[in-house]
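*Asks:* Kindly return the folded structure for what I paste below:
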Amino acid sequence: MIRFILGRLVKAVFILLAILVFNFLLIHAAPGDPAAVMAGEAGAADEKFLADLRARFGLDQPLYMQLWIYIKGAVQLDLGYSFRQQMPVAEMIGDRLPATLLLTGVAFVLSLVLGVTAGVAASARQGRWGDTIISTFALLFYATPLFWVALMATLVFSVWLEWLPGFGYSTIGAGYTGLAHVLDVAKHLILPASTLGLFFTAIYMRMTRASMLEVSRLDFVKTARAKGLNRGVIQRRHILRNALLPVITLAGLQAGQIFGGAILTETVFAWPGIGRLMFEAINQRDYNVILGVFYISAAMVLLFNLITDVIYVIVDPRIRLTT
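*Replies:* Okay, here's the model as predicted:
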């Protein structure tokens with residue numbers, strides 16, 4: 001296990017470097033000049049001022065030199081300096097990352113638990129009304145655009161019913177501490193986490209249902225039924241455990257996609273995470289912030305994939321890990 005993890009970490013370093021180079025070249029190939037944007041907003045767009053800005057932030061150097069400087073810094077976790085916020089990118093991401101991890105972590109766990117539970121319930125009631133109702137809601141959640149769900153959730157639960165706060169991380173100016181602060185953050189988390197998790201809940205539900213039905217037709221399950229084992233025991237220990245393998249695979253892949261969905265969710269609900277930070281950086285042509293968010297997101301995806309492989313062995317000991 002340790003050899004496998006070390007081998008994957010070595011590969012992850014080279015993958016991160018390749019992603020870093022690709023994103024750097026892609027961002028700099030896009031139209032737009034950060035110096036021109038800053039100069040335009042400052043009301044001083046003359047050539048001398050533009051030249052000073054480019055020299056100040058290293059934008060006047062050749063592209064290969066900018067890339068080399070950036071790679072050397074990224075290896076040391078120095079992600080550069082924000083043109084607009086006038087502060088290190090690593091510090092900006094460090095301030096925003098906990099909020100994103102909280103949002104995506106809660107949304108991921110919520111969607112996985114609800115999706116697997118609903119999938120098991122639907123498979124146990126195949127062809128009945130319960131199966132039809134659960135499948136219909138799953139299809140509805142899957143087909144509905146995320147931004148529309150976010151807007152409607154804010155309108156209904158925050159504006160009309162006034163049950164939940166519609167934006168922010170915590171109540172501004174409340175000064176809560178301790179348990180009161182935790183409960184306040186949890187209250188603000190309900191709408192964005194539920195909205196982000198609904199789409200993935202539908203995916204896990206459909207995958208779990210299909211996998212449960214497929215495994216239930218295998219010979220070892222028929223043998224367990226012939227021995228007279230309890231139906232609940234068969235469902236939990238024989239069918240569900242084997243049916244979870246494709247669900248775990250999908251969950252590992254989807255964990256990285258939740259970061260992408262968090263950009264829209266954080267923007268709608270004004271959640272102070274790195275998704276909203278990247279959205280603001282794109283509008284401001286703040287290249288270093290965009291590259292920094294891409295870098296951290298890629299690292300998180302690689303970490304999730306490694307965790308998925310390790311969980312595979314825990315769920316099914318027959319699987320052997322190889323580097």
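*Asks:* And stretch 280-299, how far out from the chain middle?
*Replies:* 15 Å (CA atoms, centre = their mean, to the nearest Å).
*Asks:* Could you pull out the buried residues of it?
*Replies:* In terms of neighbour count (16 or more other CB atoms under 10 Å), stretch 280-299 has its buried residues at 281-282, 284-298. Where you see a C-beta, it was placed from the backbone N, CA and C, and this is true even at glycine.
*Asks:* any idea of the mean pLDDT for the biggest helix by length in the chain?
*Replies:* When the chain is parsed with DSSP state H, its longest helix is helix 178-215. Mean pLDDT, computed over helix 178-215, is 88.
*Asks:* Then stretch 104-117?
*Replies:* pLDDT averaged over stretch 104-117 gives 90.
*Asks:* Return the distance of that stretch from the chain's centre.
*Replies:* 12 Å.
*Asks:* Send me it as CSV with only the CA atoms.
*Replies:* Output of stretch 104-117 as CSV, limited to C-alpha atoms (Å, rounded to 0.1, in the frame of the first residue of the first chain):
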residue,chain,number,x,y,z
THR,A,104,-17.9,20.7,-1.6
GLY,A,105,-17.3,18.2,1.2
VAL,A,106,-20.8,18.6,2.7
ALA,A,107,-22.3,18.5,-0.8
PHE,A,108,-20.3,15.4,-1.7
VAL,A,109,-21.2,13.4,1.4
LEU,A,110,-24.8,14.5,1.2
SER,A,111,-25.2,13.5,-2.4
LEU,A,112,-23.4,10.2,-1.9
VAL,A,113,-25.4,9.2,1.2
LEU,A,114,-28.8,10.3,-0.3
GLY,A,115,-28.0,8.9,-3.7
VAL,A,116,-26.9,5.4,-2.5
THR,A,117,-29.8,5.2,0.0
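*Asks:* Just the buried positions in it, please.
*Replies:* Applying 16+ other CB under 10 Å to stretch 104-117 flags 104, 106-108, 110-112, 114-116 as buried.
*Asks:* Equivalent analysis for stretch 113-132, please.
*Replies:* Neighbour count says stretch 113-132 has 114-116, 118-124, 131 buried, by 16+ other CB under 10 Å.
*Asks:* Check stretch 136-154 too.
*Replies:* Buried, per 16+ other CB under 10 Å, within stretch 136-154: 137-138, 141, 149-150, 153-154.
*Asks:* Just the helices from the stretch 1-150 of the chain, written as ranges.
*Replies:* Under the criterion DSSP state H, counting those that start in this stretch, the stretch 1-150 of the chain contains helices at 2-29, 34-42, 47-56, 63-75, 89-124, 129-143, 146-153.
*Asks:* where's the shortest one relative to the chain centroid, distance-wise?
*Replies:* It refers to helix 146-153. Counting by CA atoms, centre = their mean, helix 146-153 comes out at 18 Å from the chain centroid.
*Asks:* That one - contacts with which helices or strands?
*Replies:* Contact here means 3 or more CB pairs under 8 Å, 6 or more residues apart in numbering; DSSP states H and E; on that basis helix 146-153 packs against helix 178-215, helix 241-268.
*Asks:* Next, the angle helix 241-268 makes with that helix.
*Replies:* 70 degrees (axes from the mean of the first three to the mean of the last three CA atoms, to 10 degrees).
*Asks:* what's helix 146-153 in contact with?
*Replies:* By CB atoms under 8 Å, 6 or more residues apart in numbering, the residues outside helix 146-153 that reach it are 191-192, 194-196, 198-199, 261, 264-265, 268-269.
*Asks:* closest to Leu16 among these?
*Replies:* Within the contacts of helix 146-153, proximity to Leu16 (CB to CB) peaks at Gly261, which comes in at 22.1 Å.
*Asks:* so where is the stretch 151-300 of the chain shaky, pLDDT-wise?
*Replies:* Counting by pLDDT under 70, the ranges of the stretch 151-300 of the chain that qualify are 260-261.
*Asks:* circling back: let me have the helices and strands packed on helix 146-153 in TSV, extended by distance to Leu26.
*Replies:* Putting these into TSV (distance: least, CB to CB, whole Å) gives the following:
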stretch	distance to Leu26
helix 178-215	26
helix 241-268	16
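*Asks:* Turn these into JSON lines, columns for mean neighbour count and distance to Gly275.
*Replies:* JSON lines is the format used below for the helices and strands packed on helix 146-153 (neighbours: other CB atoms under 10 Å; distance: least, CB to CB, whole Å):
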{"stretch": "helix 178-215", "mean neighbour count": "20", "distance to Gly275": "10"}
{"stretch": "helix 241-268", "mean neighbour count": "19", "distance to Gly275": "4"}
